[in-house]
Every structure is written in structure tokens, then in C-alpha cells.
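>>> Predicted model follows, preceded by the sequence.
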Amino acid sequence: MQPPALVVPVPRHSVLLAGNDCAFQTSELARSCLLTERREWAPPSSRGTYRFEISTTQDQKVKLGEAGEHLVISRLLAHGYVAGQLPRSYKADDVYVERRNEVLHVQVKTRLAARSWPTGISVIEHPLRYYALVLFESLEPPVVDAPTVYVLPSAKVKHAVELHDRLYRAAHPGLTAAGVPAVADRFRMREMSEYGYGPGWLDEYREAWGLLRG
């Protein structure tokens, strides 16, 4: 089944496509920009709207990421923090949290029915930086199980990712890459258990919002 078309009301001669820095003034430029985003473009109607469709995979990825960020902000506010989204142009992190005279940054990673969150090998460690790992069991309505959020200091994430990468490379000499670096509830390397990263190690960080209080 094709995803429903999305109709966006816009001024007749000006469109700004958020997240793509793509502002344009003519229909031809609009068509070119939208096609680079893998979207199907249709000419504006007489009422001044643009009609385009987003692929199911991309649509779900965008919605999942947005759901994770807004969920984290909602949980933070419910726990008494002042929090909000960082500007989209700030790519390192997603959410800010006010703590007394400090500002914390939170990187939000969201997965659907998968207990492994890709991070990349270059995790930035800082005492004011945290990770929020969001797990949605399902997006099918109704969503019965509440999403789970694991809150970790960036130092813990960095140690886990780099340790797993180092152990994996040691066990596979000559390997040029150890796969996509990620934080996982169950790491592929059994040796991780010897360093405190056995199955279920993330449980102590489940909804651990108190860590942000310092």
C-alpha cells in the first residue's frame, strides 16, 4: 500500500523544506530539490499547495527519531527538568537540559524492537553530556507497551563502544572493520561480560533520570 500523500499549505511562490536548507522561488527548483530527497513532486494547485509523497522507510525513520526526541523531553519535563530540543543545525546532540547554572546535552538514539543503538566509534565524552537510548517495542496502534529509555553518561557509552571494538579486533586479526559500533543490551563478544557488560547490563540505566541531577 502506498503511503498517503502529504499536502503542505505554503505561500504560492515560496517554500522552505525544513532540514534540507532548501529554499526556492520557482516550481522547477522546487521539483529539483524534492527529487533529491526522494520525494514525488506534483505542481502546486490553484489553492497554493505542494503535494508530495515520502517513502515508507524514510517516513518511518523520521517519525521514529522525532518520537524518541519528544519522548525524552516529555520524560525530562515530567521529572522536573527544564528541557527542549537543540537547533537542528547542531548535529552533535538533540536535547538540552538546564541544571542549576549548567546546560547538559543529550544525544537521543531511538530503535524499534532492537536492543542495539548505533553510535559510531568516535563518542564524545564530557561530564555534561549524556545518552538517552529509546526503545519502542512497536509503532502499530495501539502501542500497548510504554517505550523504555535508558539514560547513560557519555563516558559509559564511550567505554562500552571502544572496549567492544578493541575486543572484537583482537579476536579477529587483520579485520579492517568491526561492524557498526553500537551500544547493545547483548554484545556479540562474550568477553564483554568480564568487564561488566553482560546481558541485561543496561537495566541499571533504565529510566535513570536522576543521573542528570549530578
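That came through fine.
>>> which SS class is Leu77?
Classification of Leu77 using DSSP: H, G, I helix; E, B strand; the rest coil returns helix.
>>> Can you pull out the low-pLDDT segments for the protein?
Within the chain, the stretches with pLDDT under 70 are 1-56, 142-144, 176-178.
>>> From Glu102, how far out is the closest residue to Glu98 other than its chain neighbours?
Ranked by Cβ to Cβ, 6 or more residues apart in numbering and with sequence neighbours excluded, the top spatial neighbour of Glu98 is Val82, at 4.1 Å. Where C-beta positions appear, they are placed from N, C-alpha and C, glycine not excepted. Distance, Val82 to Glu102, by Cβ to Cβ, to the nearest Å: 12 Å.
>>> Now list whatever residues contact both of the two.
Common neighbours of Val82 and Glu102, counting by Cβ atoms under 8 Å, 6 or more residues apart in numbering, are absent.
>>> Give the buried residues for stretch 119-138.
Thr119, Val123, Arg129, Tyr130, Tyr131, Ala132, Leu133, Val134, Leu135, Phe136 (16 or more other Cβ atoms under 10 Å).
>>> contacting residues for the first one?
The neighbourhood of Thr119, defined by Cβ under 8 Å, 6+ apart, consists of Lys109, Tyr131, Val157, Val161, Pro181, Ala182, Val183.
>>> JSON lines please, covering those residues and showing secondary structure.
Formatted as JSON lines, the contacts of Thr119 follow (three-state DSSP):
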{"residue": "Lys109", "secondary structure": "strand"}
{"residue": "Tyr131", "secondary structure": "strand"}
{"residue": "Val157", "secondary structure": "helix"}
{"residue": "Val161", "secondary structure": "helix"}
{"residue": "Pro181", "secondary structure": "coil"}
{"residue": "Ala182", "secondary structure": "strand"}
{"residue": "Val183", "secondary structure": "strand"}
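>>> Closest to Trp209 out of those?
Tyr131 (12.9 Å; Cβ to Cβ).
>>> Write down the beta-bridge partners of that closest one, one by one.
Beta-bridge pairing of Tyr131 under DSSP bridges involves Gln107, Leu152.
>>> doesn't Val151 make contact with it?
Yes: at 7.4 Å, Tyr131 counts as touching Val151 under the criterion of Cβ atoms under 8 Å.
>>> thinking again about what came up before, so which of the contacts of Thr119 is the most crowded?
Neighbour count (other Cβ atoms under 10 Å) singles out Val183 as the most crowded of those, with 26 neighbours.
>>> Ignoring the adjacent residues along the chain, who's closest to it?
Here the residue nearest Val183, using Cβ to Cβ, 6+ apart, is Trp117, at 5.0 Å.
>>> quick one, what contacts that neighbour?
So Trp117 contacts Lys109, Thr110, Arg111, Leu133, Ala182, Val183, Ala184 (Cβ under 8 Å, 6+ apart).
>>> Next, the contact list for Glu191, please.
Leu167, Ala171.
>>> er, Thr148 I mean
Shown in contact with Thr148 (Cβ under 8 Å, 6+ apart): Val134, Leu135, Arg206, Glu207.
>>> Fine by me, thanks again.
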